[in-house]
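Peer 1: Only the shape, not the letters, is given here:
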């Protein structure tokens, strides 16, 4: 589910996303209903393949649930205590989601290894019936999500990919059921379970890694810091660029702070304006704080970061710099 569960962010919070919200909610209801049916069916028919497909469905419904929660929280206004609002909640929830999925897949592997030694009997016909209903549920979910804006919205796209992955799980369970029904190969059940478990752990690993990267204030993977620095240096009148930080507040919403040193006699506002436009148009960063300085601003005692790769520690300072904040 790549934390990649982003929502495209505009500062006006005008999420004209009624269709997306409705599609996500419908899909969540369908997925969760069949998730419960599959869990009950898995225990009744003694099929681990059904339980592992239910585990995959849980990864789906939690991804859909996250996307919905993210849309809800994104619309909440920031407060004095939380100046960014509750955007980070999505990342936190994604981390919890990722860790839970790892635990589910570990349980599936553990159970499957035990079953490989002595495969128990499985009621293969009932199992195939339930897996087939699960497959139909996934197809219904996919159609619902395709009606939303899944091409441009990261949240919707990741939800859609989850449902596609889920179809594989249901299909795998049907194949396992067929093999058991036709040939009595009960070993097919744990084998298919392991395959689905691997699918779950791959998406879980990606989500966990991405969410930790965001929580550690890592640079967004789509942005090259050196390139941003070089672009800012090319602005006419800029003599130095330092203390550049780029981080992700939540998926699809990146923020930046930077200090630009400008030739002493130059009016700073045109430079500021150009920097803001450059960041917005080339890199999609609309939340930028640009500090314009001249040679009189002494940085030796402030120990600003000279650029990426320098490990000076930045001291927080309250100097009277000409501080310009852009909020477009």
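Peer 2: Looks like it came in fine. Everything numeric in this text was worked out from a predicted model, so none of it was measured.
Peer 1: Low-confidence ranges, the stretch 51-200 of the chain, go.
Peer 2: For the stretch 51-200 of the chain, the stretches with pLDDT under 70 are 74, 83-85, 149-155, 158.
Peer 1: Which parts of this structure are helices?
Peer 2: 18-45, 48-74, 89-117, 124-146, 154-183, 188-215, 225-233, 268-283 (DSSP state H).
Peer 1: Can you convert these into a markdown table and add a column each for mean neighbour count and distance to residue 290?
Peer 2: C-beta: built from backbone N, CA, C; applies to glycine. Listed next are these as a markdown table, based on neighbours: other Cβ atoms under 10 Å; distance: least, Cβ to Cβ, whole Å:
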| stretch | mean neighbour count | distance to residue 290 |
| --- | --- | --- |
| helix 18-45 | 19 | 33 |
| helix 48-74 | 25 | 25 |
| helix 89-117 | 18 | 25 |
| helix 124-146 | 20 | 39 |
| helix 154-183 | 22 | 27 |
| helix 188-215 | 21 | 23 |
| helix 225-233 | 15 | 9 |
| helix 268-283 | 16 | 5 |
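Peer 1: Name the single longest strand found in this protein.
Peer 2: Taking DSSP state E as the criterion, the chain has its longest strand at strand 238-250.
Peer 1: Pull out the buried positions in that one.
Peer 2: 238, 241, 242, 243, 244, 246, 247, 248, 249, 250 (16 or more other Cβ atoms under 10 Å).
Peer 1: Look up the closest residue to residue 41, ignoring the ones flanking it.
Peer 2: Spatial nearest neighbour of residue 41, chain neighbours left out: residue 130 (3.8 Å); criterion: Cβ to Cβ, 6 or more residues apart in numbering.
Peer 1: mind listing what the one you found touches?
Peer 2: 37, 38, 41, 45, 50 (Cβ atoms under 8 Å, 6 or more residues apart in numbering).
Peer 1: Before we move on, what's the pLDDT of the second one?
Peer 2: Yep, that's residue 38 we're talking about. We have a pLDDT of 87 for residue 38.
Peer 1: Any figure for the gap between the residue of the chain most remote from its centre and residue 294?
Peer 2: Distance from the C-alpha centroid of the chain peaks at residue 265, with 45.5 Å (Cα atoms, centre = their mean). Distance of residue 265 to residue 294, computed by Cβ to Cβ, to the nearest Å: 9 Å.
Peer 1: Using the record's assignment, carve this protein into domains.
Peer 2: Under the assignment the TED database, the domains of the chain span 18-216, 225-293.
Peer 1: What's the end-to-end length of the last one?
Peer 2: Domain 225-293 has its terminal residues 21 Å apart, counting by Cα to Cα, to the nearest Å.
Peer 1: what does stretch 81-96 give?
Peer 2: 24 Å.
Peer 1: give me every residue that touches the residue lying closest to residue 200 once chain neighbours are set aside.
Peer 2: Nearest residue to residue 200, sequence neighbours excluded (Cβ to Cβ, 6+ apart): residue 105, at 4.4 Å. Contacts for residue 105 were tallied using Cβ under 8 Å, 6+ apart; they are 55, 197, 198, 200, 201, 204.
Peer 1: For residue 255, state which of the residues you listed is nearest.
Peer 2: Nearest to residue 255 among those is residue 204, at 27.4 Å by Cβ to Cβ.
Peer 1: Could you pull up the contacting residues of the closest residue in space to the closest one that isn't next to it in sequence?
Peer 2: Nearest non-adjacent residue to residue 204, counting by Cβ to Cβ, 6+ apart: residue 101, 3.5 Å away. By Cβ under 8 Å, 6+ apart, the residues touching residue 101 are 55, 58, 59, 62, 200, 201, 203, 204, 207.
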